[in-house]
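Colleague: my questions are about this predicted structure, shown below with the sequence.
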Amino acid sequence: MRPLKVALFVKSSPVAAERENRNMGMWSYPVPEFEWKHYFANNFQAVDKARYKDYDLIFHEDAGYAAYMGSGPPVVYFTFDSFLDEAHRAVRIKQAHYADLTLVDHDDMEPFRGLKALRFPYCTNDHLYKPLPKNVDVAYHCQSGARSNSPRAAERSALRTQLSEICEKHRWSYVSGALSNIDYAASMGHAKIVVNLVRGWLNRPHREFDAMACEAAFLTDPYKEIAEDFTIANLHYPVYKDVGWIELALERLLAGEWIRYAEAGRKLVMDNHTWAIRAQQLRDLVAKEFGI
């Protein structure tokens, strides 16, 4: 199949438009299936699809909003953060009504009933997230700002302090805090264990595949698995029941078990969840759905 020209609508920030250093896996590095150019839209501004007649496809990421009007290339909308709450989901569903096809990462599919919607999991930028010399025992980078759209912020902040105390007690090396994309990826690349606290039961965080690509053991509390991820708890990643179990889990993992999880997780991601793999799947899907 020939490569498709894509008008890619992303969040209006420099980070969203980067290639090799892009935090998101989709559209992060060149692939033979697609060529693309970035565009920005916000607040459901009207977008005349006829302006993009030289493109084969419009692909809209879950950031910023556009009201696509008129005739032109088909619109594919990819939502990967619809699970946070009903208000958050409602605006994503509104955007989905402007699309010819909606791809859903990890939310339940039921809210998208009545729309043309398919499951399509997140993928990692494996050019950015990769193994580095393992000189950090524990990394923890969950967002914990006191923001209304940051569920469990207080719990995440408390866990940061708890992990610091545990690591100091055992003399384990520990890194945390907000970092730039490059430093964030490097932190996980150097880490033996990446600790996570999910934002909700429906949330398989993007950090999981990124940490696995870095060949780190991804230690998390439980979340709802979906078949398309191919992940199995306590096979590809270790799970703690609640924060009271974290110290014991870390002791066990740092005694040597982390290596088994790290290797299993990296193999899973490299076999199933890189951008190169997802680009092939997306190209096949577009050919099937739109005949292009």
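Modeller: Perfect, thanks for sending it. Residues are numbered from 1 along each chain as shown.

Colleague: so when I look at Val138, I'm seeing a helix, right?
Modeller: No - under DSSP: H, G, I helix; E, B strand; the rest coil, Val138 falls outside any helix and is assigned strand.

Colleague: close enough to count as contact, Val198 and Thr220?
Modeller: Yes - applying C-beta atoms under 8 Å, one finds Val198 in contact with Thr220, separated by 6.4 Å. Yep, even glycine has a C-beta here, placed from its N, CA and C like the rest.

Colleague: for the two, list the residues in contact with both.
Modeller: Overlap of the contact sets of Val198 and Thr220 (by C-beta atoms under 8 Å, 6 or more residues apart in numbering) consists of Pro205.

Colleague: give me the neighbour count for Asp242.
Modeller: The number of residues packed around Asp242, counting by other C-beta atoms under 10 Å, is 8.

Colleague: nearest residue to it in space, please, no chain neighbours.
Modeller: Setting aside the residues directly before and after it, Asp242 is nearest to Asp221 in space (C-beta to C-beta, 6 or more residues apart in numbering), at 6.9 Å.

Colleague: helix, strand, or coil at Phe209?
Modeller: Phe209 - assigned by three-state DSSP - is helix.

Colleague: quick one, longest helix in the protein?
Modeller: Counting residues, the longest helix found in the chain (DSSP state H) is helix 153-170.

Colleague: quick one: buried residues of that one?
Modeller: For helix 153-170, burial by neighbour count (16 or more other C-beta atoms under 10 Å) applies to 153, 156-157, 159-160, 162-163, 166-167.

Colleague: what ranges does this protein have for its helices?
Modeller: Under the criterion DSSP H, helices of the chain are mapped to 14-17, 86-96, 153-170, 181-190, 206-213, 246-252, 258-272, 275-290.

Colleague: those helices: which one's closest to Asp56?
Modeller: Closest approach to Asp56 among these (C-beta to C-beta): helix 275-290, 8.1 Å.

Colleague: for Glu155, give me its contacts.
Modeller: Glu155 touches 197, 243, counting by C-beta under 8 Å, 6+ apart.

Colleague: next one, pLDDT for it please.
Modeller: Here the pLDDT value assigned to Glu155 is 91.

Colleague: measure it to Cys142 for me?
Modeller: For Glu155, the distance to Cys142 (C-beta to C-beta, to the nearest Å) stands at 9 Å.

Colleague: need the residues touching each of those two.
Modeller: Residues touching both Glu155 and Cys142 (C-beta under 8 Å, 6+ apart): Leu197.

Colleague: so where is the stretch 101-250 of the chain shaky, pLDDT-wise?
Modeller: The model of the stretch 101-250 of the chain has pLDDT under 70 over residues 144-151.

Colleague: let's see that with 90 instead.
Modeller: Low-confidence segments of the stretch 101-250 of the chain (pLDDT under 90): 106-107, 142-153, 178, 199-206, 241-242, 244.

Colleague: domains of this structure?
Modeller: Residue ranges for the domains of the chain, per automatic domain parsing: 4-123+274-290, 136-272.

Colleague: with distance to Trp27 added, can I get the helices of the chain in TSV?
Modeller: Output for the helices of the chain, formatted as TSV (distance: least, C-beta to C-beta, whole Å):
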stretch	distance to Trp27
helix 14-17	9
helix 86-96	18
helix 153-170	28
helix 181-190	14
helix 206-213	14
helix 246-252	35
helix 258-272	18
helix 275-290	7
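
Colleague: of all the ones you listed, which lies closest to Thr79?
Modeller: Minimum separation from Thr79 across the helices of the chain (C-beta to C-beta) falls at helix 86-96, 4.7 Å.

Colleague: what pLDDT, on average, does that closest one get?
Modeller: Averaged across helix 86-96, the pLDDT comes to 92.

Colleague: so for that helix, what gets flagged as buried?
Modeller: 89, 92-93, 95-96.

Colleague: what is the nearest of those residues to Val76?
Modeller: Ala96 (10.5 Å).

Colleague: shouldn't that closest one be in contact with Ala117?
Modeller: Yes - under the criterion of C-beta under 8 Å, Ala96 makes contact with Ala117 at 6.8 Å.

Colleague: please state the offset of stretch 35-50 from the chain centre?
Modeller: Per C-alpha atoms, centre = their mean, to the nearest Å, the displacement of stretch 35-50 from the mean C-alpha position of its chain is 22 Å.
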